[in-house]
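> Turn this into a structure:
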Amino acid sequence: MSTNERRMLVVMAHPDDETFGMAGTIARYVDEGVKVYLICATNGEAGMAEPEFMQGHTSVAEMRLAELYCAAETLGLSRVYTFDYRDSGMAGSPENNHPDCLFAADVDAVAGRIVEVIREVRPQVVVTFDPYGGYGHPDHIATHQATVRAFDSAGDPGAYPEHIEADRQVYRPQKLYFMTFDKRWLRFTVWLFALMGQDPERMGRNKDVNMRYIAGLETPIHARVKTGSYQEIVRRARECHASQLGGLSPRRLANILSSLFMGTEDHYTRAYPISNDRCRERDLFEGVKSDA
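So this is what the prediction gives:
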């Protein structure tokens, strides 16, 4: 592995999180020569799918993963690691109680699997969800918790020794980011929906997205990554996830609103090194040192 090679690990929960969350960022860094790797923790079984999208597939999970690999090829990901946990569904749904779902998994065990990938890939930069899981999805929150634990543990020889081998030595990434977005546009949207007679606390296909709650969550923006030159790639990656683009699912809502208000810039909170409100980065690799 080249000492000058730049590497990023993106840790997401569902097939399509990588695209609806940060496709522009991924496309930009791939274009700049960065090796971008993805962990997808679940198979997306709880995602909605019209019968037309199931043709040629024996299950929703199989179809969702096929869409993921389409997007991965479009974006130029170096590798996709799938953990095969079951999609937990939105908070309070019956899927939360399935013994194989990510929400029910031991966070230490999930973190150990992420540590294994970190030690293999050796990324300088790791990106995952914020502590609230973006819009409160249990799988997003579980992924955040496991990734933070893995980030803090991967460089400790006493942590997860079963994942230390000749080609997987202890390794501490240099930077950790959480995906976020400017809540000002969302607060305006909440006001607009209420004005139109819509209940912003019961949005989405199943009325289980509380946009008022999400708009009130404060997450600082430390990095703004320009993605304007990569919107065609973003569009094609989104089309790969065609089954999730209909109706008003949580991901569809996020996709519409981000397209309308976030434009050609992806936003991130820098969790490590710990930053202050004056931090203004334009590059997630800013300050990253080459491997010694």
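
> Just give the nearest non-adjacent residue to Asn97, would you?
Ala104 (7.5 Å; Cβ to Cβ, 6 or more residues apart in numbering). Just so you know, the C-beta spots here come from the backbone N, C-alpha and C atoms, and that holds for glycine as well.

> Just confirm that neighbour contacts Gly89, I think it does.
No: between Ala104 and Gly89 there is no contact, the gap being 11.6 Å when judged by Cβ atoms under 8 Å.

> Compare the two and say which is more crowded by neighbours.
Gly89 (22 against 16; other Cβ atoms under 10 Å).

> mind checking the SS state of the nearest residue to the more buried one once chain neighbours are set aside?
Take Gly89 and drop its neighbours on the chain: the residue closest to it by Cβ to Cβ, 6+ apart is Glu95, 3.1 Å away. For Glu95, the assignment made with DSSP: H, G, I helix; E, B strand; the rest coil gives helix.

> before we move on, what about Tyr171?
Strictly by three-state DSSP, Tyr171 counts as coil.

> Does it touch Asp156 like I think?
No: the pair Tyr171 / Asp156 is not scored as a contact, 10.3 Å apart, by Cβ under 8 Å.

> Between these two, tell me which one has more neighbours.
Tyr171 (17 against 12).

> show me what contacts that one?
Ile118, Arg119, Arg122, Ala154, Gly155 (Cβ atoms under 8 Å, 6 or more residues apart in numbering).

> again, only using 10 Å
Val115, Ile118, Arg119, Glu120, Val121, Arg122, Pro123, Gln124, Ala154, Gly155, Ile164, Asp291 (Cβ atoms under 10 Å, 6 or more residues apart in numbering).

> if we can go back for a sec, which residues do Ala104 and Gly89 both contact?
Joint contacts of Ala104 and Gly89 (Cβ under 10 Å, 6+ apart) are Glu95, Asn96, Asn97, His98, Pro138.

> Count the neighbours of the third one for me.
Same thing as Asn97. Neighbours around Asn97, by other Cβ under 10 Å: 11.

> my read: it touches Pro138, true?
No: using Cβ atoms under 10 Å as the test, Asn97 is too far from Pro138 to be in contact (11.2 Å).

> which residues are common contacts for the two?
With Cβ under 10 Å, 6+ apart as the test, Asn97 and Pro138 both reach Ser88, Gly89, Phe103, Ala104.

> Which pair of those spans the longest distance?
Gly89 and Ala104 (11.6 Å; Cβ to Cβ).

> Val36 in helix, strand or coil?
strand.

> my guess is Leu9 is in a strand, correct?
Yes: secondary structure of Leu9 (three-state DSSP): part of a strand.

> Now do the closest residue to it other than its chain neighbours, the pLDDT please.
In space, and not counting its chain neighbours, Leu9 is closest to Pro123: 3.9 Å by Cβ to Cβ, 6+ apart. What the model reports as pLDDT for Pro123 is 98.

> mind listing what Pro123 touches?
Counted by Cβ under 10 Å, 6+ apart, Pro123 has contacts 6-11, 34-37, 117, 151, 154, 171, 173-175.

> Buried ones among the residues you listed?
Among the contacts of Pro123, those classed as buried by neighbour count (16 or more other Cβ atoms under 10 Å) are 6-11, 34-37, 117, 151, 154, 171, 173, 175.

> Farthest-apart pair in those residues, please.
Maximum distance among those (Cβ to Cβ): 19.1 Å, for Val34 and Ala154.

> What are the boundaries of the strands in the stretch 101-250 of the chain?
125-128, 175-180, 223-226 (DSSP state E, counting those that start in this stretch).

> What residues of the last one count as buried?
Spelled out, it's strand 223-226. Ala223, Val225.

> so what does that strand touch, helix or strand wise?
Packing partners of strand 223-226 (3 or more Cβ pairs under 10 Å, 6 or more residues apart in numbering; DSSP states H and E): helix 17-31, strand 175-180, strand 265-272.
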